[in-house]
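**Student:** coords please:
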Amino acid sequence: MTATLQILLSLVAALIVVAVLARRLNIAPSILLVIAGVGLALIPGLPPIVLAPEFVLLVILPPLIYSAGVAMSWREFKFNLRPIILLAFGAVVFTTCAVAAGAHYVLGLPWAVGFVLGAIVAPPDVVAPLAIARRLGLPHRLLVVLEGEGLANDATALILYRFAVAAVATGAFSLPEAAGSFAAIVVCEIAYGIGVGWVSLRLRRWAHDPRVEITLSLITPYVAYWVPEHFGGSGVLATIAAGLYISWNGPLLISSATRLQGIFFWDLIVYLIEGLVFLLTGLQARTLIDRAQDLSAYDILVATLLTTAIIIAARFIWLFPAIYLPRWLSPSLRARDPSPPWQWSFILAFTGVRGVVSLAAALAIPFALENGAPFPYRDPILFVSFGVIIITLVGQGLMLPSVIRWLGVANAGKEERFHERAAEFAARRETAQRALERLEELAVERHLSQELLEISRTRHNNRLKLLPESLDNVRDAVEQAQLRVELIDVERKYLHQLLRDGKISDESRRRIERELDLEEVGINTRSGNGDAPL
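**Tutor:** You can find the predicted model right below:
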């Protein structure tokens, strides 16, 4: 127990060091974490750390998928459903088939084994590309499509993976039966996930306690994921459906206190999970090296390079026709949704890096078949999968910023965000104006005193004064916000002086300090320097 705790604390310390270094070097932390993990794994004398596939698929994956689903806008997800499906389903199936064909005809693997390898390396991981894309200011729609693909492609790959492993184990495969099972899994998981989301929101509304509600939010992804997974599904679609349902229906049912505390809680949980997962992925190099005694390094290298080339090429081959062919064939679609610039399509195609789901699926391959014979080519598949992850994540991940700049797409979303801020300021003013209108109605209905009415009017009028009437006045609003933050800092320091002088209690200091903190967060959010609540 002590050794496990020491290892965990060491990993967290490594995560902090790498995160600071990544910020200094302006590199996506996930890429640097994998490199650091590989480096640590090669240090002689350090104990090997084995990443259990059940831990990844049943413990780590559900909260990551759920949090991404909650953060995703259902309206934007629905609007981009066609490109998301073409990537999350079409591209994954096409890549799986392409890898299986290459493994069979070039490497000489049986078809079923080739499909196992294809399903493992087919789903891209979008954590690192999204971090880079957001930092470089790509258009919002590109980010939505990438995030939507990352939500759903694991489900497609894991279902294909189970079919392929079953085909190797039994030696039989029926395409019509597999297609029917796939369709049934999709429908049942989506319905179940919506049901879980509905129940979760009702329980959280009845709880009226932020601690209970946040605990329920932590349990929700596991309830959504584990039940379908137990009955032969993937669990991913159910978790996505639950997250999207809560994203769309939760704002009016979740209390403000729960939202404020929940944002911090989930941000920290997701940050730690993602960081530790990438670090652990690199650390698997030690385990793989220990298993490499009976394998040919040359054969593994050739298979890894071939598989990497196939998955990169397959994504480009699939994506360009998938984007432009429907618009060429459908004038109505072309008029409703014009073709994006080829640079956008190239970036979508280039962001196909692989991650921990691929590694977990490879590690989860059974050691033996139903008849007791060893699972064919298990270790080579594991090595190739790890090699593909390292090459794509580190190679393509490090090249992505240069590719985006070379294509001239860096800051392409700047004008888009300008108009988004204009709409945001308009919404702020309209909501404040609506509150003032309702105040006048309440003054008549409840016979409010003139003094109370003036206090409420002044509060809302002051809120309106803090908002720029147009983007031309944003600079003044930002300067005003900075001035208010400086004054809040003065209040905070004087507050601590009052505490040291014994004029107020610690409890009073905490209450006042919380109000100042919330006001500062609100100012930073309004001025675009902070994250808005989900």
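**Student:** residues in contact with residue 200?
**Tutor:** 216-217, 220, 223, 242, 246 (CB atoms under 8 Å, 6 or more residues apart in numbering). Where you see a C-beta, it was placed from the backbone N, CA and C, and this is true even at glycine.
**Student:** Which one (most neighbours) among the residues you listed?
**Tutor:** residue 242 (32 neighbours; other CB atoms under 10 Å).
**Student:** Tell me which helix or strand comes right after the host helix or strand of that residue.
**Tutor:** Using DSSP states H and E, residue 242 falls within helix 236-249. Using DSSP H and E, the helix or strand that directly follows helix 236-249 along the chain is helix 256-290.
**Student:** Residue 29 contacts residue 19, correct?
**Tutor:** Yes: applying CB atoms under 8 Å, one finds residue 29 in contact with residue 19, separated by 5.2 Å.
**Student:** Chain neighbours aside, what residue packs nearest to the residue nearest the centre of the chain?
**Tutor:** For the chain, the residue nearest the mean C-alpha position is residue 68 (4.5 Å; CA atoms, centre = their mean). Nearest-residue entry for residue 68: residue 151, 5.5 Å, with adjacent residues in sequence omitted and distances by CB to CB, 6 or more residues apart in numbering.
**Student:** Please apply the same query to residue 160.
**Tutor:** Per CB to CB, 6+ apart, closest to residue 160 is residue 119, 4.1 Å.
**Student:** buried ones in the helix or strand where that neighbour lies?
**Tutor:** Element membership for residue 119 (DSSP H and E) is helix 111-121. Within helix 111-121, the residues scored as buried using 16 or more other CB atoms under 10 Å are 112-121.
**Student:** hmm, which two among those residues are most spread apart?
**Tutor:** Farthest-apart pair in those is 112 and 121; separation 15.7 Å (CB to CB).
**Student:** which regions of the stretch 251-400 of the chain sit below the pLDDT cut-off?
**Tutor:** For the stretch 251-400 of the chain, the stretches flagged by pLDDT under 70 are 292-293.
**Student:** change it to 80
**Tutor:** For the stretch 251-400 of the chain, residues meeting the criterion pLDDT under 80 lie at 252, 256-257, 287, 289-295, 370-372.
**Student:** which ones are touching the residue nearest to residue 68?
**Tutor:** Taking CB under 8 Å, 6+ apart, we find residue 151 in contact with 65, 68-69, 72, 84, 88, 240.
**Student:** run the last query once more with 7 Å
**Tutor:** Applying CB atoms under 7 Å, 6 or more residues apart in numbering, we find residue 151 in contact with 65, 68-69, 72, 240.
**Student:** That one sits in which helix or strand?
**Tutor:** Secondary structure assignment for residue 151, by DSSP H and E: helix 140-170.
**Student:** Same check on residue 184?
**Tutor:** Under the assignment here (DSSP H and E), residue 184 is part of helix 175-207.
**Student:** where's stretch 453-460 relative to the chain centroid, distance-wise?
**Tutor:** 42 Å (CA atoms, centre = their mean, to the nearest Å).
**Student:** Looking at the contacts of residue 200, which is nearest residue 436?
**Tutor:** Among the contacts of residue 200, and counting by CB to CB, the member closest to residue 436 is residue 246, at 31.5 Å.
**Student:** Per-residue pLDDT of the residue nearest to the closest one when sequence neighbours are not counted, please?
**Tutor:** With sequence-adjacent residues excluded and distances taken as CB to CB, 6+ apart, residue 246 is closest to residue 197, at 4.9 Å. Looking at residue 197, its pLDDT stands at 95.
**Student:** hmm, back to that, what are the buried residues along the helix holding residue 184?
**Tutor:** 178, 181-182, 185-186, 189-190, 192-194, 196-197, 200-201, 204, 207.
**Student:** Check which element follows it along the chain.
**Tutor:** Defined by DSSP H and E, the subsequent element after helix 175-207 is helix 210-230.
**Student:** Next, the angle from that following helix to helix 236-249.
**Tutor:** 150 degrees (axes from the mean of the first three to the mean of the last three CA atoms, to 10 degrees).
**Student:** for helix 210-230, which positions count as buried?
**Tutor:** Applying 16+ other CB under 10 Å to helix 210-230 flags 210, 213-214, 216-218, 220-225, 227-229 as buried.
**Student:** Going by distance to residue 170, which of the residues you listed wins?
**Tutor:** Residue 170 has its nearest neighbour among the buried residues of helix 210-230 in residue 229, at 20.4 Å by CB to CB.
**Student:** Just confirm the closest one contacts residue 238, I think it does.
**Tutor:** No: contact between residue 229 and residue 238 fails when scored by CB atoms under 7 Å: they sit 8.7 Å apart.
**Student:** Please enumerate residues in contact with stretch 436-456?
**Tutor:** So stretch 436-456 is in contact with 457, 460, going by CB under 7 Å, 6+ apart.
**Student:** Ends of it, what's the gap?
**Tutor:** Length of stretch 436-456, first residue to last, CA to CA, to the nearest Å: 8 Å.
**Student:** 560 is where my numbering starts, stick with that
**Tutor:** That works, and once the first residue is 560, the last one we named lands at stretch 995-1015.
**Student:** Might you calculate how far it sits from the centre of the chain?
**Tutor:** That offset, for stretch 995-1015, works out to 45 Å (CA atoms, centre = their mean).
**Student:** So for residue 700, what's the nearest residue that isn't a sequence neighbour?
**Tutor:** Using CB to CB, 6+ apart and skipping residues adjacent in sequence, the residue nearest residue 700 is residue 639, 6.8 Å away.
**Student:** ok, now which ones touch the one you found?
**Tutor:** 700, 703-704, 707.
**Student:** Compare those residues and tell me which is most surrounded.
**Tutor:** For the contacts of residue 639, the largest number of neighbours (other CB under 10 Å) sits with residue 707, at 27 neighbours.
**Student:** ok, that residue touching residue 635?
**Tutor:** No: with contacts counted by CB under 7 Å, residue 707 stays clear of residue 635, the gap being 8.2 Å.
**Student:** any idea how far residue 743 is from residue 792?
**Tutor:** Plainly put, residue 743 is 9 Å away from residue 792 if you go by CB to CB, to the nearest Å.
**Student:** okay, now residue 816: neighbour count?
**Tutor:** 13.
**Student:** Residue 770 versus that one, what's the distance?
**Tutor:** Counting by CB to CB, the gap from residue 816 to residue 770 is 10 Å.
**Student:** Next, the residues that contact stretch 682-692 from outside, please.
**Tutor:** Taking CB under 7 Å, 6+ apart as the rule, stretch 682-692 contacts 587, 589-590, 651, 701-702, 705-706, 708-709, 712-713, 716, 833, 910-917, 952, 956, 959-960.
**Student:** filter those to the buried ones?
**Tutor:** Buried among the contacts of stretch 682-692 (16+ other CB under 10 Å): 587, 589-590, 651, 701-702, 705-706, 708-709, 712-713, 716, 833, 910-917, 952, 956, 959-960.
**Student:** Mind telling me what element residue 994 is part of?
**Tutor:** Here residue 994 is assigned to helix 973-1005, by DSSP H and E.
**Student:** quick one: the helix or strand following that helix to helix 973-1005, angle?
**Tutor:** Downstream of helix 973-1005, the next assigned helix or strand under DSSP H and E is helix 1009-1025. On the basis of the same axes, to 10 degrees, helix 1009-1025 is oriented at 170 degrees to helix 973-1005.
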